[in-house]
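S.K.: What follows is a predicted protein model with its sequence.
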Amino acid sequence: MLVAGSAHAQYGMAGCGLGSLVFGNDNGMGKQILAATTNGTFGTQTFGITSGTSNCTSGGVLKAEREQAAFAEVNFQDLKANMAAGGGEFLSSFASLLGCEDSAKHALAKMAQEQFESIVPSTSTTPIQMLVALKGQIRASSVLAASCTDERAIARAEGRTVTLAKR
């Protein structure tokens, strides 16, 4: 948990890049959407990742976030359809990237369907905005917050398995 906690302290859910420098590490949805939009508009996240600047560091945190963002970008339409339907193979795979236990995937699908309008509020919602909103909804649910963790996502990205002690 220490690794994941320090990662979010360094930069918020929108990741590293100019957006994290301008809007800080506050994980409020509005600031993270602005940070993600800034990163996407100016392409600073890619530059930061390749250069190691703009709060971008190497390691599992960055790898996990890049995989999540890339999956959201490539499979955006299918993810939206799965969320609206309350489940599907794309959402199940995405849940794994988000660090969800297999037992939590059904709860994630149900929550995504119930909160779909909050997660994808308009036709202009971007994949990164959807990712930020989905992660916010996960954190807002005590069940999902315990079952879908950054620590598990980082371990998966690094090719490790994590067994978390029950709280």
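M.R.: Now that the structure is in, tell me what you want to look at.
S.K.: Where does pLDDT dip in this structure?
M.R.: 1-15, 18-27, 39, 42-62, 162-167 (pLDDT under 70).
S.K.: could you redo the last one with a cut-off of 80?
M.R.: 1-62, 157-167 (pLDDT under 80).
S.K.: Sketch out the helices for it, chain order is fine.
M.R.: 2-10, 18-23, 29-42, 44-51, 60-74, 76-85, 89-97, 105-114, 116-119, 127-140, 142-147, 150-157 (DSSP state H).
S.K.: can I get the CA coordinates of the shortest one in PDB?
M.R.: Provided in PDB are the C-alpha atoms of helix 116-119 (Å, rounded to 0.1, in the frame of the first residue of the first chain):
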ATOM      1  CA  PHE A 116     -22.800   5.000 -16.500                       C
ATOM      2  CA  GLU A 117     -24.100   8.600 -16.900                       C
ATOM      3  CA  SER A 118     -21.600   9.800 -14.300                       C
ATOM      4  CA  ILE A 119     -18.700   7.900 -15.900                       C
END
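S.K.: Can you list the buried residues in that helix?
M.R.: 116, 119 (16 or more other Cβ atoms under 10 Å). Backbone N, C-alpha and C define where each C-beta goes, glycine included.
S.K.: and it, what does it pack onto?
M.R.: helix 76-85, helix 127-140 (3 or more Cβ pairs under 8 Å, 6 or more residues apart in numbering; DSSP states H and E).
S.K.: so can I have TSV of those helices showing distance to Ala155 and mean neighbour count?
M.R.: TSV is the format used below for the helices and strands packed on helix 116-119 (distance: least, Cβ to Cβ, whole Å; neighbours: other Cβ atoms under 10 Å):
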stretch	distance to Ala155	mean neighbour count
helix 76-85	23	17
helix 127-140	17	22
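S.K.: Nearest to Lys110 among those helices would be which one?
M.R.: helix 76-85 (10.3 Å; Cβ to Cβ).
S.K.: Next, the angle from that closest one to helix 105-114.
M.R.: In terms of direction (axes from the mean of the first three to the mean of the last three Cα atoms, to 10 degrees), helix 76-85 departs from helix 105-114 by 90 degrees.
S.K.: any idea of the angle helix 76-85 forms with helix 89-97?
M.R.: 100 degrees.
S.K.: And the protein, what are its domain boundaries?
M.R.: Domains of the chain are assigned by automatic domain parsing as 1-58, 59-162.
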